[in-house]
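Colleague: Let's see this in three dimensions:
(chains A and B)
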Protein chains: 2
Amino acid sequence: MGRYGKRADVIVHEDEPFNAETGLAALAEGSLTPTDAFYVRGHGAVPEVDPAAWRLRVHGLVERELDLSLTTLREAFRVRTETATLQCAGNRRAGLMAIRDVPSEAPWGPGATGTATWTGVALADVLAVAGPLREAAHVGFEGADLCPTERFGGSIRLDKACRPEVLLAWAMNGEPLPPIHGAPLRVVVPGYIGARSVKWLERIEVRSTPWTGYFQHVAYRLLPQDGTPGPGEGMPLGVVALNADVLSPADGETVTAGAVEVRGYAFAGGERHVARVDVSIDGATTWSQAELLEDLGQWAWRHWRITVDLAPGEHEILVRAWDSSAATQPEDEAALWNPKGYVNNARPRVRVRAAAE
Amino acid sequence: MGRYGKRADVIVHEDEPFNAETGLAALAEGSLTPTDAFYVRGHGAVPEVDPAAWRLRVHGLVERELDLSLTTLREAFRVRTETATLQCAGNRRAGLMAIRDVPSEAPWGPGATGTATWTGVALADVLAVAGPLREAAHVGFEGADLCPTERFGGSIRLDKACRPEVLLAWAMNGEPLPPIHGAPLRVVVPGYIGARSVKWLERIEVRSTPWTGYFQHVAYRLLPQDGTPGPGEGMPLGVVALNADVLSPADGETVTAGAVEVRGYAFAGGERHVARVDVSIDGATTWSQAELLEDLGQWAWRHWRITVDLAPGEHEILVRAWDSSAATQPEDEAALWNPKGYVNNARPRVRVRAAAE
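Modeller: Numbers count the residues shown, from 1 in each chain, chains lettered A, B, ... in the order given. The predicted structure follows:
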């Protein structure tokens, strides 16, 4: 935990490879997540990369292969900054595991998500120099991390790769990217599951087909609830689903009866925006609309807050977010269970006890 | 109905302005909807436009105003073709009206949607010549149709307007655009509610704010279930929600017991694609996966089919589509009711009677 910083407000799931989620208090602090509390999902040891010797290779279905140093990236391309929310596909898995076990996967809670300001260059600008060929349809990324024998990787479609929000980033919240978050360079794919934002990037491959490596072809897929599907089966994940959660009060917390402020986030993925967040304290009979807080732009979540009046006793706070297509979160967590425990975006329920003063 | 063609398989909701939806048999024929059965949603009389005298004005927050003839549009820009599904925000309203009335709105059934191949130029290419200024954020469209005193119009965000799939189209399914569908030129905004695909286009206004006309600022908004909101309130609609429907057999139909083919469509909007369609004939206890039929590209629905075995008696066929973010259709139509009856994307239920041979 030393290399991650001194924050107490993180929950470590595994030391090696290091995996930790952000505590609710750190998430509730503000719309931007502090770097030293930002969740980490790693599949291998943090690789030792010498930034001076590091090169980025761009190859595959391109007119010209590129072999770029960090200096060239910084000096030859327009520097861009984007505020974007990352969310692990396994965020809120613990809620699904309470229904039925998910073997060999960590019980991530609500903190496998966070929002940061990322600085780097647009992948689109680099691809424009390489010149994708006519057959190009996907852009693959490969990191330097061995997990355990295969390097971590994944791909996105070329049309997403050519959008200005997809960055090759060397800075996070205005500071150099920490090693644990992918220094010297990582991909940031706003609106997609965190697994596509490949860290310790060393290779970009322009392809005609999606990535065939383990972390896209086998893992990070939504599998049928029953059966034992093979590689390439199930539904590959990519674009994130509408999600929202309560950041304060915490589930099981005791609060003082009377006016209680409820805070949380909602994230619609970017192509769609958060249109509304409703809160119910009477079992979904009546709903009140929460106030949406600062707008950090298309690719970031919206924090929200509402003050509810809680009489002494037990209460359940229920939340549902709506996106700009009028889609809302699914009600039933049980219907969302899947063998790898991905994409729990059910309406959050937080139980609190209101104690008389 | 004469000007619409001779097809019997359309359901006319209103003669003047002409409003009609496509019958299920025409939708089930194939993935492309026949032009002479394609749904029509009009708010005013079809305007008489002389194509030779017609001009398209592009103005507002641009470096240079444009005043374009049809000939210039056809000759000065690259011609593009896109297969795209259009869907009226009021599609499937009848299902919501069965729960609670929607005054002053027509009871559209499942046929206010269709897919065609559109040919024209990219709006992006025209905007590139006009040169949006720094403050530009929205692109408004105005038609020639008076509805009844205001011209029909609406806007989309500049980033969507600059995407290659948004067309200014003069042809539909390889033939000149019929007058009822917006000749000589209409907008086609794939993945958005049909109301943004403005017909009889005459004016494009690059703006800093969304369209303030009736058809975006007052109508085509998702209003709270209770209360009487004023203009600009509620949630503006734009991106379409994941939807799917059964095209065959029809609700209430009698089929021959035994192997019955069920056909339908699913549409995820384009940014997300249809990942899976499940069908249940036992009240959502077990689900079988339907076969996805031809892929017409990112902006078109997927037709699907499955053969189910129906014993003699009454049956309910229940369908749920999934998109690539692992989002699925809402279960409860009642929860979707809203004062204008928009965006019914609940899981479809079709009741059939299987008769012994």
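
Colleague: Residue A:169 contacts residue A:123, correct?
Modeller: No - at 10.0 Å, residue A:169 does not count as touching residue A:123 under the criterion of C-beta atoms under 8 Å. Just so you know, the C-beta spots here come from the backbone N, C-alpha and C atoms, and that holds for glycine as well.

Colleague: Kindly point out which residues are neighbours of both of those two.
Modeller: residue A:187 (C-beta atoms under 8 Å, 6 or more residues apart in numbering or on different chains).

Colleague: if I look at residue A:136, how far off is residue B:78?
Modeller: 19 Å (C-beta to C-beta, to the nearest Å).

Colleague: Ok, residue A:119 next?
Modeller: Distance, residue A:119 to residue B:78, using C-beta to C-beta: 35 Å.

Colleague: Neighbour count: the two, which is higher?
Modeller: The neighbour comparison of residue A:119 against residue B:78 (other C-beta atoms under 10 Å in any protein chain shown) goes to residue A:119, with 20 against 8.

Colleague: wait, what's in contact with the residue nearest the centre of chain A?
Modeller: Relative to the mean C-alpha position of chain A, the nearest C-alpha, by C-alpha atoms, centre = their mean, is the one of residue A:87, at 1.4 Å. Residues near residue A:87 by C-beta under 8 Å, 6+ apart: A:112, A:113, A:193, A:194, A:240, A:243, A:267.

Colleague: Intersect these with the contacts of chain B.
Modeller: residue A:240 (C-beta under 8 Å from any C-beta of the partner chain).

Colleague: Now flag whichever of the contacts of residue A:87 is closest to chain B.
Modeller: Chain B has its nearest neighbour among the contacts of residue A:87 in residue A:240, at 5.9 Å by C-beta to the nearest C-beta.

Colleague: Burial check on the closest residue to the closest one other than its chain neighbours, number of neighbours?
Modeller: Closest residue to residue A:240 apart from its sequence neighbours, by C-beta to C-beta, 6 or more residues apart in numbering or on different chains: residue A:269 at 4.8 Å. Residue A:269 has 25 neighbours, counted by other C-beta under 10 Å.

Colleague: surely residue A:269 meets residue A:244?
Modeller: No - look at residue A:269 against residue A:244 with C-beta under 8 Å: they stay out of range, at 11.9 Å.

Colleague: Might you enumerate the residues of the stretch 151-300 of chain A proximal to chain B?
Modeller: So the stretch 151-300 of chain A meets chain B at A:159, A:222, A:224, A:235-242, A:269, A:271-272, A:275-276, A:298 (C-beta under 8 Å from any C-beta).

Colleague: Write the ChimeraX selection for whichever of these are buried.
Modeller: The ChimeraX command for the buried members of these (criterion: 16 or more other C-beta atoms under 10 Å in any protein chain shown) is given here:
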select /A:222,224,235,236,237,238,239,240,241,242,269,271,272,275,276,298
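
Colleague: For residue A:317, give me the pLDDT.
Modeller: For residue A:317, the pLDDT comes out at 98.

Colleague: I meant to write residue A:230 there.
Modeller: For residue A:230, pLDDT reads 75.

Colleague: cool, and residue A:149?
Modeller: In this model, residue A:149 is scored at 92, pLDDT.

Colleague: avg pLDDT for stretch A:194-207?
Modeller: 98.

Colleague: end-to-end on it?
Modeller: End-to-end span of stretch A:194-207 (C-alpha to C-alpha, to the nearest Å): 21 Å.

Colleague: Could you pull out the buried residues of it?
Modeller: A:194-207.

Colleague: try stretch A:314-333
Modeller: Neighbour counts over stretch A:314-333 (16+ other C-beta under 10 Å) mark A:315, A:317-331, A:333 as buried.

Colleague: related to what we said a few turns ago, quick check, nearest of the buried residues of stretch A:194-207 to chain B?
Modeller: Out of the buried residues of stretch A:194-207, the member with the shortest distance to chain B (by C-beta to the nearest C-beta) is residue A:196, at 12.5 Å.

Colleague: correct me, but the closest one touches residue A:238?
Modeller: Yes - contact criterion C-beta under 8 Å: residue A:196 and residue A:238 qualify, at 6.9 Å.

Colleague: Please identify every residue contacting each of those two.
Modeller: Contact criterion C-beta under 8 Å, 6+ apart; residues shared by residue A:196 and residue A:238: residue A:156.

Colleague: Residue A:187 belongs to a strand?
Modeller: Yes - using DSSP: H, G, I helix; E, B strand; the rest coil, the assignment for residue A:187 is a strand.

Colleague: For it, which residues are in contact?
Modeller: By C-beta under 8 Å, 6+ apart, residue A:187 lies in contact with A:123, A:141, A:166, A:167, A:168, A:169, A:196, A:197, A:198, A:199, A:201.

Colleague: For residue A:73, which three-state class applies?
Modeller: Under three-state DSSP, residue A:73 falls in the helix class.

Colleague: Can you report how many residues neighbour it?
Modeller: 20.

Colleague: Name the nearest residue to it, sequence neighbours excluded.
Modeller: residue A:121 (5.8 Å).

Colleague: Kindly state the beta-bridge partners for that neighbour.
Modeller: Note on residue A:121: beta-bridge partners by DSSP bridges are residue A:79, residue A:168.

Colleague: neighbours around it, how many?
Modeller: 20.

Colleague: Isn't it up against residue A:166?
Modeller: No - the pair residue A:121 / residue A:166 is not scored as a contact, 10.2 Å apart, by C-beta under 8 Å.

Colleague: the strands in the stretch 101-250 of chain A, which residues?
Modeller: For the stretch 101-250 of chain A, the strands defined by DSSP state E, counting those that start in this stretch occupy A:113-122, A:138-146, A:151-157, A:167-172, A:175-176, A:186-188, A:201-207, A:221-222, A:235-236, A:243-248.

Colleague: can you give me how far stretch A:61-73 is from the chain middle?
Modeller: Distance of stretch A:61-73 from its chain centroid, counting by C-alpha atoms, centre = their mean, to the nearest Å, is 27 Å.

Colleague: Could you list the alpha-carbon positions for it in CSV?
Modeller: C-alpha atoms of stretch A:61-73 as CSV (Å, rounded to 0.1, in the frame of the first residue of the first chain):
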residue,chain,number,x,y,z
LEU,A,61,-3.1,-1.7,-41.1
VAL,A,62,-1.4,1.7,-41.5
GLU,A,63,0.3,3.5,-44.4
ARG,A,64,3.3,4.2,-42.2
GLU,A,65,4.5,2.6,-39.0
LEU,A,66,5.4,5.0,-36.2
ASP,A,67,8.0,4.6,-33.5
LEU,A,68,7.5,7.5,-31.1
SER,A,69,9.3,8.8,-28.1
LEU,A,70,7.6,10.6,-25.3
THR,A,71,9.3,13.8,-26.3
THR,A,72,7.9,13.5,-29.9
LEU,A,73,4.4,12.8,-28.6
